[in-house]
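Asks: Predicted model, plus sequence, below.
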Amino acid sequence: MNGPETKSVQNSTWLRTVQAVLWSFVGLRKGSDYQQDLEKLNPFHIIGVGIGAALLFVLGLIALVNWVVSQPYVL
């Protein structure tokens, strides 16, 4: 039923989804890779990973700004 092969395929699909979303954030993507992603990846996974990545990005920016503002001003 759910053997190691199925689990490996699921893990690689999630890894490929995360990879596709991160490349999209950077803005560097080949047209051929984009076409492969359209054929193989689940759109709901892409949306979920995209929202999660955007949330992590915003929280990282907030943490960075709070850290910079809390530093003492020294010339």
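Replies: Cool, the structure landed. Numbers count the residues shown, from 1 in each chain.
Asks: okay, CA-based contacts and neighbour counts for the rest of this
Replies: OK.
Asks: Longest helix of the protein, counting residues only.
Replies: helix 43-70 (DSSP state H).
Asks: which helices and strands sit right next to that helix?
Replies: Judged by 3 or more C-alpha pairs under 8 Å, 6 or more residues apart in numbering; DSSP states H and E, helix 43-70 is in contact with helix 4-26.
Asks: Where does the prediction get shaky in this structure?
Replies: Along the chain, segments meeting pLDDT under 70 span 1-11.
Asks: re the thing from before, distance between the longest helix of the chain and the chain's centre?
Replies: 10 Å (C-alpha atoms, centre = their mean, to the nearest Å).
Asks: Now it: buried residues?
Replies: Buried residues in helix 43-70, counted by 16 or more other C-alpha atoms under 10 Å: 46, 49-50, 53.
Asks: Please convert those residues to CSV, extending it with distance to residue 28.
Replies: Output for those, formatted as CSV (distance: C-alpha to C-alpha, whole Å):
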residue, distance to residue 28
46, 17
49, 18
50, 16
53, 16
